[in-house]
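*Asks:* Sequence below, structure please.
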Amino acid sequence: MSHTVEWKVHLYLSEDEGRTRARVELDTGATALTGRGLARCNPDDEDVPVIGDELAAGRALSDLGQQLVQAAEHDLESVGAPSASRRPRPGYGWIA
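*Replies:* Have a look, this model is predicted:
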């Protein structure tokens, strides 16, 4: 049985005084999550805005990814699966 879902992710970047902030928002219909990231330019370094954008966005997406894994682990536990700390970690598959 095939199943396709489309989730829209909105990424917002802002820069102020050598700091780039990123906020990424995901609404799955059942869950709304917000990831955040920050990058700072060292005053001694050349200012290359794209580097700050990439770092801040990557950190925000990583934060969002960690939240998604935590939500999935919570959902697994709510249907009777053992907690993640007691569950063996497979090398592959969907099991969290």
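*Asks:* in this structure, which spans are helices?
*Replies:* 49-78 (DSSP state H).
*Asks:* the bottom helix or strand of this protein by mean pLDDT?
*Replies:* Across the helices and strands of the chain, mean confidence by mean pLDDT, DSSP states H and E is lowest for helix 49-78: a mean of 92.
*Asks:* How far away from the center of its chain is that helix?
*Replies:* Relative to its chain's centre, helix 49-78 lies at 1 Å (Cα atoms, centre = their mean, to the nearest Å).
*Asks:* Remind me what that helix packs against, helices and strands.
*Replies:* Packed against helix 49-78 by the contact rule (3 or more Cβ pairs under 8 Å, 6 or more residues apart in numbering; DSSP states H and E) you find strand 9-16, strand 19-27, strand 32-40. C-beta here means a position set from N, CA and C on the backbone, and glycine is covered the same way.
*Asks:* Tell me which of the ones you listed sits nearest to Val79.
*Replies:* strand 32-40 (20.0 Å; Cβ to Cβ).
*Asks:* what are the pairing partners of that closest one, and which direction each?
*Replies:* Sheet pairing of strand 32-40 (DSSP bridges) gives strand 19-27 (antiparallel).
*Asks:* Just the CA trace of the partner strand, in CSV.
*Replies:* Extracted as CSV, the C-alpha positions of strand 19-27 are listed here (Å, rounded to 0.1, in the frame of the first residue of the first chain):
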residue,chain,number,x,y,z
ARG,A,19,24.2,37.4,14.0
THR,A,20,22.0,35.3,11.7
ARG,A,21,18.9,33.8,13.3
ALA,A,22,16.9,31.1,11.6
ARG,A,23,13.4,29.8,12.5
VAL,A,24,11.9,26.8,10.7
GLU,A,25,8.2,26.0,11.2
LEU,A,26,6.5,22.7,10.3
ASP,A,27,2.8,22.0,10.6
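*Asks:* now that strand and helix 49-78, what's the angle there?
*Replies:* With axes from the mean of the first three to the mean of the last three Cα atoms, to 10 degrees as the basis, strand 19-27 and helix 49-78 are set at 40 degrees to each other.
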